[in-house]
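J.: Need coordinates for the following:
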Amino acid sequence: MNEQYAIERGWPTECPVTGRPFFMGITHWRTGYEVPTYGGPFDSYTIPEADAGGDFSCERYDHDVGGWLQDEWETVGLYCIPHDDWLIFCEAVEALTELRDWYLKNVGLPAVRANRVLRKFQEMTTNRALKEFKEMTK
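T.: Next comes the predicted model:
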């Protein structure tokens with residue numbers, strides 16, 4: 001099958017998550033519907049979906065075996081950060097930027113040094129936030 005087959009069915013010609021090229025449509029083992037798969041020729045994969053924990057994974061069709069690997073999901077190395085956590089991070093960066101600007105105005109550090117201070121705060125906050133987030137999601 002080719003790209004035209006995907007286009008006729010309204011499927012992407014390239015996996016929007018992994019960038020794998022369209023390979024073929026295959027009847028899904030659980031739903032009974034034809035689904036697009038990407039990759040090939042030995043294995044092809046569904047479009048990855050996020051699970052409840054935010055990890056993206058996809059199902060694999062093994063063309064050597066001639067079937068879906070039903071109890072196996074392939075993770076793709078992507079994670080979806082919950083919106084609330086992203087907002088907290090953005091607010092922290094905004095607060096640090098305001099702190100830098102206030103410090104420049106009231107204390108008078110040279111701009112280069114103030115930017116270094118801001119970058120260090122951002123690194124510390126990011127590392128701490130990531131550690132805390134990983135602990136919360138264990």
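
J.: Show me the domain layout of this protein.
T.: Following automatic domain parsing, the chain resolves into domains at 3-79, 83-136.

J.: Next secondary structure after the longest strand along the chain?
T.: The longest strand of the chain (DSSP state E) is strand 67-79. For strand 67-79, the following helix or strand on the C-terminal side (DSSP states H and E) is helix 83-106.

J.: what packs against that next one?
T.: For helix 83-106, the contact count by 3 or more CB pairs under 8 Å, 6 or more residues apart in numbering; DSSP states H and E identifies helix 111-136 as packing neighbours. (Each C-beta comes from the backbone N, C-alpha and C, glycine too.)

J.: List the buried residues of the longest strand of the chain.
T.: Judged by neighbour count using 16 or more other CB atoms under 10 Å, the buried positions of strand 67-79 are W68, W73, E74, V76.

J.: ok, back up a step: and the domains of the chain, which one averages the lowest pLDDT?
T.: Comparing mean pLDDT across those, the weakest is domain 83-136, with a mean of 69.

J.: Centre-most residue in the protein?
T.: Centroid check for the chain by CA atoms, centre = their mean gives L78 as the closest residue, at 3.5 Å.

J.: which strands and helices sit next to the longest strand of the chain?
T.: Against strand 67-79 (3+ CB pairs under 8 Å, 6+ apart) you get strand 55-62.

J.: Just the buried positions in the strand it packs on, please.
T.: Applying a neighbour-count criterion of 16+ other CB under 10 Å, one finds D55, F56, S57, C58, E59, R60, Y61 buried in strand 55-62.

J.: How about the fifth one: what's its closest non-neighbour residue?
T.: Closest residue to E59 apart from its sequence neighbours, by CB to CB, 6 or more residues apart in numbering: T46 at 4.6 Å.
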